[in-house]
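Undergrad: coords below, sequence missing:
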């Protein structure tokens, strides 16, 4: 007899918790890491990220190195054709939106203590969710730009993990969760199936980030209009 979907999910989360507990216990207190980041802002931001994460530090370093190398600081957060919203959010840079989503995920998790043990999974998903928007990065990693950016993000993640020496310490279950969440976060989910907690919180953090960015854009536009009026007087 097959297990009900809810029980299957519970067993998966329990398995993840056990793996995370074992990994954290093995962590070395004093660690040194080699970081190759030319952008001072990105290097500084990585220090903040290190204060929030629990493990997988070399993977986080890799992500921040690629954000620096492939110029996320000056790449629009919308690089494909997305109509009116696309034009609006082109003003927001990819790096800013990526970190805004990360910060919002940190904020969400602080109110959900039961999810702390899977914290890095949620944070890595938040960081990775829009990497496929960088055409420069996709070209480097031979990722087809004809696919949607969510699929490209999952392909980038798959590429860097499979080409690492030790998969950056990710076990198969964690890899599968991150990959599938990235791959499907802009797909239409059938009504018969339910979203995972990872998908749900990614969408929540992403939406919160976009709301904050929109408020900032509106404020900047108002300041611009007021400045123009003052110049006419």
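TA: Okay, I see it. Source: prediction; values computed, not measured.

Undergrad: what segments of the chain are helices?
TA: Listed in chain order, the helices of the chain (DSSP state H) span 5-25, 40-52, 57-69, 83-89, 94-110, 119-128, 135-140, 149-162, 172-184, 197-232.

Undergrad: list the helices and strands the longest one packs on?
TA: Taking 3 or more CB pairs under 8 Å, 6 or more residues apart in numbering; DSSP states H and E as contact, the helices and strands that helix 197-232 lies on are helix 83-89, helix 94-110, helix 119-128, helix 172-184. Where you see a C-beta, it was placed from the backbone N, CA and C, and this is true even at glycine.

Undergrad: mind running it again at 6 Å?
TA: When contacts are defined as 3 or more CB pairs under 6 Å, 6 or more residues apart in numbering; DSSP states H and E, helix 197-232 sits against helix 94-110, helix 119-128, helix 172-184.

Undergrad: per-residue confidence for the closest residue to residue 66 other than its chain neighbours?
TA: Closest residue in space to residue 66, ignoring its immediate chain neighbours: residue 137 at 6.3 Å, by CB to CB, 6 or more residues apart in numbering. You'll see residue 137 listed with a pLDDT of 97.

Undergrad: go on, residue 181?
TA: You'll see residue 181 listed with a pLDDT of 95.

Undergrad: that one against residue 198, yeah?
TA: Yes. Under the criterion of CB atoms under 6 Å, residue 181 lies in contact with residue 198, with a separation of 4.7 Å.

Undergrad: more neighbours, these two?
TA: residue 181 (28 against 19; other CB atoms under 10 Å).

Undergrad: span of stretch 153-173 from start to end?
TA: Between the opening and closing residues of stretch 153-173 we find a distance of 18 Å, counting by CA to CA, to the nearest Å.

Undergrad: give the buried residues for that stretch.
TA: For stretch 153-173, a neighbour-count test (16 or more other CB atoms under 10 Å) marks 153-158, 160-161, 168, 170 as buried.

Undergrad: check stretch 140-155 too.
TA: 141, 143, 149-155.

Undergrad: pLDDT value on the nearest residue to residue 76 once chain neighbours are set aside, please?
TA: Sequence neighbours aside, residue 90 is the residue nearest to residue 76 in space, at 4.2 Å (criterion: CB to CB, 6+ apart). pLDDT for residue 90: 76.

Undergrad: can you tell me how far residue 90 sits from residue 105?
TA: Distance check for residue 90 against residue 105: by CB to CB, to the nearest Å, it reads 23 Å.

Undergrad: tell me which of the two has more neighbours.
TA: For the pair residue 90 and residue 105, the greater number of neighbours falls to residue 105 (26 against 14), based on other CB under 10 Å.

Undergrad: great, nothing more from me.
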